Structures are given as structure tokens and as C-alpha cells.
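> structure for the following, please:
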Amino acid sequence: MWRSQWLCVAALLATCESVWSRHAVVHVGPHKTGTTHIQNVLSVAAKDLMSHGFAWPTTTNTKGEVHGLHAKCWAPLAWYFEGRTATGASLTGRTPGLIDSTDDAFRYFTDFFDAVNSSNVIISAEVFDRVPMEGIHKFHLFMRQFDTVTIVIVHRDPVDHFVSLYTELHSKGDVAFPDFLFRSMGGFLLDNPVLDVHWLVQKYATVFGLDNVVIVDYDGVKSAGKDIAEVLLCEVIGVPCNLLQQSTLELFNSSQNQKWRSFSFSNQQEYFVAQGLAQYFYIFSRQALNCTLEHNAAYQAAKVFLKNNHVPTQCTSLHGLRRLLEPTSARFMSIFGQNVLYPPRLDTPSFSIKELCLPDSVALAASVWHAPVTAALKERCKSSHHG
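Numbering: from 1, shown residues only. Presented below is the predicted three-dimensional model:
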């Protein structure tokens, strides 16, 4: 099958030449490094990207309008190579049609590659970070139809990474942040691969070759005032971003610091306290009040409560932990530095706070202000029409 693709090299040669090649860019995460923002940009901009020779799966609605497939649509393919057999609800909305298993997802994307046989392809799923070596070898065979494959991995300051992961997984009050941080940090220092980007790079470099791995530093990109999705599209993939539609360009930076702006707190510390308290409210309303709050309603309740009540917290110093990780970060850069775009300055981490405090779930459970919390949440539930 002929695979032709016009790749513009005007920036280098001031002309465009025809190159008989087909390229795939595979963004493998890891988790909590701007992956959802990247995938949302790719999904929303799918039609625009296709006009420039870069394919992202699309679907057509009943009005005949073409839209990018779900931002997480590639996850089932990663699950296939991970060896999972996810079915049913976990695939709903991610891929079109009757996708009832990861095997179905594999067949769907095989057909997709055939359908866009003259285009470059962009793949993005953070769950590729969990695929074992055996699965990566199988994925490499699957990608042999492309002339070149570039693996993109995002590196993030480890402490910031832990904070971000905690606020997603455990800020509901089930695990206190200091306990989570020190347990995770201990695992990290013992070569636990969960957040060890060194290990992730090594896996994919072993199979695809280190020359085919690009590492983008999350903190370095932020320090440069750029958007992680813009760097991926324009500088790594090579999409001619100056030719993209304005609606696509406006997606860049659309989610950067959105959390901080939306809550108008004076600093990051207050944000995390409010976030932890909101998640506590959310769980408490479900377990004690048999009521499910809207996500925003829980945050609003937390903001109001913080203004009028003392909230017991647990705090952890981050400065000492960063100093502990400096040798690890330096070693990573010494090995992979030539593959890193926007290398970070180790002395200026993106997180500005020196101590992170979150609500103490044990103290909350024993506190005397359950009565006002219960009354406030019942009112919120009633106004949200959930019960």
C-alpha cells in the first residue's frame, strides 16, 4: 500500500518537499503530567489536524458534523497491550460502535490505521506507562506499519508529581497527605516504578531505541511560559501551528492554572486545603447523608466553611524532600539530558510553597463541627436536587 505524506520542511529549506514516509507519535504519559489537557486539545482539534496530515480518531454525529473522538479514546488500546480485558462501562464513550472489550478496541484501531494509511498518526494515553515489557514488544510489532515511531514522555518534579497524584487519589480523607507522601517517597527511592520516569524511559528506549524517545520537562515548559500541548504539537510532532485555525490555537493555555483562577485563593496552600476539605465533604455526604453532591457544590461548601471555621490540618515540609531527590534528578539528566526538551532548573521547582497542609481526616472525624457541616451539606444536597 502506498503511503505518501507531504511533510513541510519550510522552516529549514523554505520549501515543501514530498517525502514517502509515515510517522507515528506516541505520547505515553505518565499520569498527572498534563495528559488530560493534551488529549482534550488533540480531540477538539482533530479535524484541523487532519487537514495538515495528522490523524486523530474522529466520529460523525447525526448532523454530519465531524468531531474528534473522546480525549481518552486510546486508553483501551494501551489496556490491550497491558493485558487487561476491560469490558462494558470502562469503554463507554471512548470508542464508537460496539466496543465491548479491549480486543474490539484493538480491531477498531487496526481498521483506523488502515483508513488513514496516508496520514501521520498521533496517539496519546497515559496508561501506556503501565504496559509491561512484553506488552511494549507487542506494541512495537503493531507499529511496524509506520516508517518511524517517536515515543514522547513527560518528566515532572517528583514532589510536585506526588502532590498532584495525592489530590486525585487520596484527598477524600482516606489517607493523610504526610503518610501518603512519605510512603510514596520511600517507594520511589527504592526504585518503585510508579512515578519513576527513569524506569519508564528505559523501558521504551530498550524497545524503540533511545534516539526515538523525546522527553519534555513539565516544569521547564511552565517556566518558559508555554503550554505543554503546544510544545507537543508544534515542537515535537511538527504540526505547522502557524497554519492552524484560531479556534485550535485558543486551546493552548486554556487549562493552565485554571484551578488557581477558578477559586481565587490567595495562594496554592489555601487551594489545597479547600480541595481536601471539599473531597471530605463529598465522601461525608455520600456515607452519612445518602446524598451525592455536585462536584462544584462541594467546593463551594468548602470555601464558605473555610471562611468561618478553623480546619485542623496536617502539614509536611517539601524542601527537605526535594533536597533528598536532587541526586536522583541529577542522575536522570546526566543519562537522558540530550533527549530532554526544556530541561528544568533544579533550584527553581514549579511549586512555590515550602510546606503543604491538607485537612486531617482523623481530626475531622472527631471534630465538634459535624453539626454545622451536616446542616450545610443537607441544604446543598437539597438545592442540587440529589438525594
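> ok, and the closest non-adjacent residue to H67?
In space, not counting the residues next to it along the chain, H67 is nearest to T59; the distance is 6.0 Å by CB to CB, 6 or more residues apart in numbering. Placement of C-beta: from N, CA and C, glycine included.
> residues near that neighbour, how many?
Using other CB atoms under 10 Å, T59 has 15 neighbouring residues.
> and if you look at L42?
27.
> buried set for the helix or strand hosting it?
Assessed by DSSP states H and E, L42 sits inside helix 35-44. Neighbour-count burial for helix 35-44, counted by 16 or more other CB atoms under 10 Å, picks out T35, H37, I38, Q39, N40, V41, L42, S43, V44.
> which member of those residues is positioned nearest H70?
When the buried residues of helix 35-44 are ranked by distance to H70 (CB to CB), S43 comes first, at 6.7 Å.
> quick check: the gap between the nearest residue to H23 once chain neighbours are set aside and V236.
Leaving aside its sequence neighbours, H23 sits nearest to N120 (CB to CB, 6+ apart; 4.6 Å). Distance of N120 to V236, given as CB to CB, to the nearest Å: 12 Å.
> which of the two has more neighbours?
N120 (24 against 15).
> so what's N120 up against?
Q5, R22, H23, A24, V25, G53, F54, A55, I237 (CB atoms under 8 Å, 6 or more residues apart in numbering).
> how about a cut-off of 10 Å?
3, 5, 7, 21-25, 49, 52-55, 146-148, 237-239 (CB atoms under 10 Å, 6 or more residues apart in numbering).
> give me the buried subset of those residues.
Among these, the ones that count as buried (16+ other CB under 10 Å) are 5, 22-25, 49, 52-55, 146, 237-239.
> between these, which is nearest L377?
L49 (44.1 Å).
> show the model's pLDDT score for that closest one.
Looking at L49, its pLDDT stands at 89.
> count the neighbours of the spatially closest residue to F208 that is not a sequence neighbour for me.
In this structure, F208 finds its nearest non-sequential neighbour in I151, 5.3 Å apart by CB to CB, 6+ apart. For I151, the neighbour count with other CB under 10 Å is 26.
> so I151 makes contact with V216?
No. Using CB atoms under 10 Å, I151 makes no contact with V216, being 11.4 Å away.
> spatially nearest residue to H140 (excluding sequence neighbours)?
V207 (5.0 Å).
> what sits against the one you found?
V207 touches M133, G135, I136, H137, K138, F139, H140, L141, V149, I151, counting by CB under 10 Å, 6+ apart.
> can you name the helix or strand that it falls in?
helix 197-208.
> angle of the very next helix or strand once past that helix against helix 197-208?
Per DSSP H and E, helix 197-208 leads on to strand 213-217 as the next helix or strand towards the C-terminus. If you take axes from the mean of the first three to the mean of the last three CA atoms, to 10 degrees, strand 213-217 sits at 160 degrees to helix 197-208.
> show me what strand 213-217 is packed against.
Contacts defined by 3 or more CB pairs under 10 Å, 6 or more residues apart in numbering; DSSP states H and E place strand 213-217 against strand 23-27, strand 148-155, helix 197-208, helix 319-336, strand 340-341.
> before we move on, back to that, would you turn the buried ones among the contacts of N120 into CSV with secondary structure and distance to G225?
Formatted as CSV, the buried ones among the contacts of N120 follow (DSSP: H, G, I helix; E, B strand; the rest coil; distance: CB to CB, whole Å):
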residue, secondary structure, distance to G225
Q5, strand, 32
R22, coil, 34
H23, strand, 28
A24, strand, 29
V25, strand, 24
L49, helix, 24
H52, coil, 25
G53, coil, 28
F54, strand, 25
A55, strand, 30
F146, coil, 33
I237, helix, 20
G238, coil, 21
V239, coil, 20
